[in-house]
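S.K.: sequence-free structure coming up:
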């Protein structure tokens, strides 16, 4: 039976968890299987890997996870030799359907592996994490087991050089390197090149401070202020955000030099740290008596365990800045639940009335193999409760081996924020505009608990000295505020201003979706000749002008000079008793989509008579689809065509790069 290699690219741990689970199940079925992170790709000889399964996540809007980025860049280089001539492959792609570039990274690996000589033996599995990983993964696994057991696959694998790499295959091209040392790859052999695909990429780019998550910049926070007037902790409801607080942060990134150069539409990566209180609670629940002691043995992957824990000095550091203890989108992950339940201990007598039975029941049903619908419902309920690691350990009375638990916890992934300024306006500075996430949930025991967004809360703690906040006395507040950051490498899917300044712009950015468009507006003001500028319309929505009209002074000043047409929608401005729905229409609850339909004639002229561009940025759960529907109705009305025809026109605009969206979940 041919060996199976499962190769993963994972940012938040979902792809790695699936890879480990797949290998464990394959071994149980008698297959010779192992799992390897893509950061180790240069150690592999693909001539000796007849069957490869790739499991790859997409992060942000089509970005490759940090541990797979170098391998993907290597695969995409035109000069890379077809080193997969002896390999049959299948791809599992993970993504979030709220993003435009859904499963983009997995699709790229699927395409590039075929281009590089590989033979696809199973159709790609595209997993929508919004709908549930297991929903897609389990049926695909059943097909995989059938293929792995088939004589056809292993017969082909045994004669892969004949079936996949014809004798007429031309010699591998010489890769980019000095002529005296140019590496040449023969069939199936991994070319010996630098991680980026050429001999100078790492030294010139990846090793520069601020260029990547592995080499971040410690950037001082030079200014911070609240952009909202809403009170803290008011009107919190179960499962919903609180009265929104939005924070403006300014960072000095000049020490990063060219590595931190950017253009409007780029994003900044922030390396988060877990709340010190949550870290201490986890250490206590794990009974770690020496948190500063070195890590125990973690995992058995090549290179000394998972990439995110290499060079980690202590258990405290791992739980503070390397491992996610409760914030990933799919929390708690099923593999973690299985581990915790496998190491349950008899509860102490005093715990009998703690209400842990409800949590234990939900966790047991979530991993149960009986009624699949019931298991999915139980896991969904746990994801709504979002019990952090300490709460899970205590509630499940679990005491797993420390090294095993550390290996199972997801990595603590960077958080990305649109840069809210233009370098032309303020060289050496980057501005962020972010909502502080706080909400209440009902625990499995019915108790009401507050949850906090990980990165947004950390940034608020760091900025507390500049905000005059009581948080300055909390552990984790810094005397000299700074954030650990890097500039996200552009994927080619970012929002970008047209090259021609005269192109009319339609910017739709309610709430913090305004952030990249503030950069656009600053670029128009400080970087371009005003006499050449085309029209610019900004559609902005929030709750009330007096509460969360972000950057209102700047926007109204631009509107007063004629540099901007401002369309605002304040959904909670009117008298609450007068708001409602009449004959299917909202009354006194305006949203940006209403303003879009009101301006239908102008927008039609800008898009189809003046070759303008429309940009949308913001929340993907409702806003993006509502705005798209409003644009479709507006175009159908003005063109006197059906909505289906209007949809086709919008699709054509998107293909032309004149309808661009940056949507997050």
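M.R.: Cool, the structure landed. This is a predicted model, so every value here is computed, not measured.
S.K.: Domains in this protein, by residue range?
M.R.: 4-205, 217-272+414-487, 276-408, 505-664 (automatic domain parsing).
S.K.: Let me have these in CSV, extended by mean neighbour count and distance to residue 493.
M.R.: The C-beta positions use only the backbone N, C-alpha and C, and glycine is treated the same way. Putting those into CSV (neighbours: other Cβ atoms under 10 Å; distance: least, Cβ to Cβ, whole Å) gives the following:
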stretch, mean neighbour count, distance to residue 493
domain 4-205, 19, 5
domain 217-272+414-487, 18, 10
domain 276-408, 17, 20
domain 505-664, 18, 8
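S.K.: Can you check the pLDDT for the nearest residue to residue 524 once chain neighbours are set aside?
M.R.: Leaving out its chain neighbours, the residue that sits closest to residue 524 by Cβ to Cβ, 6 or more residues apart in numbering is residue 533, at 5.7 Å. pLDDT for residue 533: 95.
S.K.: List the contacts of residue 533.
M.R.: Shown in contact with residue 533 (Cβ atoms under 8 Å, 6 or more residues apart in numbering): 501-502, 524, 563.
S.K.: Quick check: helices, which of those residues are part of them?
M.R.: Using DSSP state H, the members of these that fall in helices are residue 524.
S.K.: From residue 225, how far off is residue 52?
M.R.: With the distance defined as Cβ to Cβ, to the nearest Å, residue 52 ends up 51 Å from residue 225.
S.K.: swap in residue 112?
M.R.: 45 Å.
S.K.: quick one, helices of the stretch 451-600 of the chain?
M.R.: Counting by DSSP state H, counting those that start in this stretch, the stretch 451-600 of the chain has helices at residues 454-467, 515-526, 545-548, 552-561, 592-598, 600-608.
S.K.: residues in contact with the fifth one?
M.R.: Applying Cβ under 8 Å, 6+ apart, the set of residues contacting helix 592-598 from outside is 508, 510, 539-541, 567-569, 586, 603, 623, 626-627, 629-631, 633-634, 637.
S.K.: still on that earlier bit, quick check: the residue nearest to residue 524 vs residue 111, distance?
M.R.: 39 Å.
S.K.: Quick check: which element contains residue 80?
M.R.: Taking DSSP states H and E as the definition, one finds residue 80 inside no helix or strand.
S.K.: Quick check: chain neighbours aside, which residue is closest to it?
M.R.: residue 74 (6.0 Å).
S.K.: One more: residue 630?
M.R.: residue 593 (3.6 Å).
S.K.: Also residue 128?
M.R.: residue 97 (4.7 Å).
S.K.: got the contact list for the one you found?
M.R.: Residue 97 touches 128, 130-131, counting by Cβ under 8 Å, 6+ apart.
S.K.: mind listing which of the residues you listed are in strands?
M.R.: Judged by DSSP state E, the contacts of residue 97 include residue 128 as members of strands.
S.K.: how about TSV for the contacts of residue 97, with pLDDT and distance to residue 515 added?
M.R.: What follows is those, written out as TSV (pLDDT from 0 to 100; distance: Cβ to Cβ, whole Å):
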residue	pLDDT	distance to residue 515
128	91	26
130	78	23
131	81	28
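S.K.: closest to residue 554 among the contacts of residue 97?
M.R.: Nearest to residue 554 among the contacts of residue 97 is residue 130, at 34.9 Å by Cβ to Cβ.
S.K.: Output the below-cut-off pLDDT ranges for this protein.
M.R.: 1, 151-152, 154-206, 230-243, 303-304, 349-355, 369-370, 469-479, 574-589, 665 (pLDDT under 70).
S.K.: Select the longest strand from it.
M.R.: strand 217-226.
S.K.: what's the next secondary structure element after it?
M.R.: strand 245-252.
S.K.: Hey, what's the angle from that following strand to helix 454-467? Just curious.
M.R.: Interaxial angle of strand 245-252 relative to helix 454-467 (axes from the mean of the first three to the mean of the last three Cα atoms, to 10 degrees): 70 degrees.
S.K.: other SSEs contacting strand 245-252?
M.R.: Contact partners of strand 245-252 among helices and strands, from 3 or more Cβ pairs under 8 Å, 6 or more residues apart in numbering; DSSP states H and E: strand 217-226, strand 429-436, helix 454-467, strand 482-487.
S.K.: Could you check how far the last one is from the centre of its chain?
M.R.: For strand 482-487, the distance between its averaged C-alpha position and the chain's averaged C-alpha position is 17 Å (Cα atoms, centre = their mean, to the nearest Å).
S.K.: How about residues contacting that strand?
M.R.: 210-213, 215-221, 249, 251, 253, 256, 259-262, 266-271, 414, 430, 459, 462.
S.K.: try 6 Å
M.R.: Outside strand 482-487, the residues that touch it by Cβ atoms under 6 Å, 6 or more residues apart in numbering are 210, 212-213, 216-220, 260, 262, 268-271.
S.K.: doesn't residue 259 make contact with residue 208?
M.R.: Yes. Counting by Cβ atoms under 6 Å, residue 208 touches residue 259, with 4.1 Å between them.
S.K.: mind checking how far residue 513 is from residue 45?
M.R.: Going from residue 513 to residue 45 by Cβ to Cβ gives 47 Å.
S.K.: quick one, phi/psi of residue 416?
M.R.: Note on residue 416: backbone dihedrals following degrees, to the nearest 10 are phi -110, psi 140.
S.K.: Test my guess that it contacts residue 268.
M.R.: No. Between residue 416 and residue 268 there is no contact under Cβ under 6 Å: 7.1 Å.
S.K.: about what we covered before: of the helices and strands packed on strand 245-252, which approaches residue 60 most closely?
M.R.: strand 482-487 (12.8 Å).
S.K.: The closest one pairs with which strands, and in what direction?
M.R.: strand 217-226 (antiparallel), strand 267-270 (antiparallel) (DSSP bridges).
S.K.: Okay, angle between the first one and strand 429-436 too, please.
M.R.: Direction vectors for strand 217-226 and strand 429-436, defined by the same axes, to 10 degrees, enclose an angle of 60 degrees.
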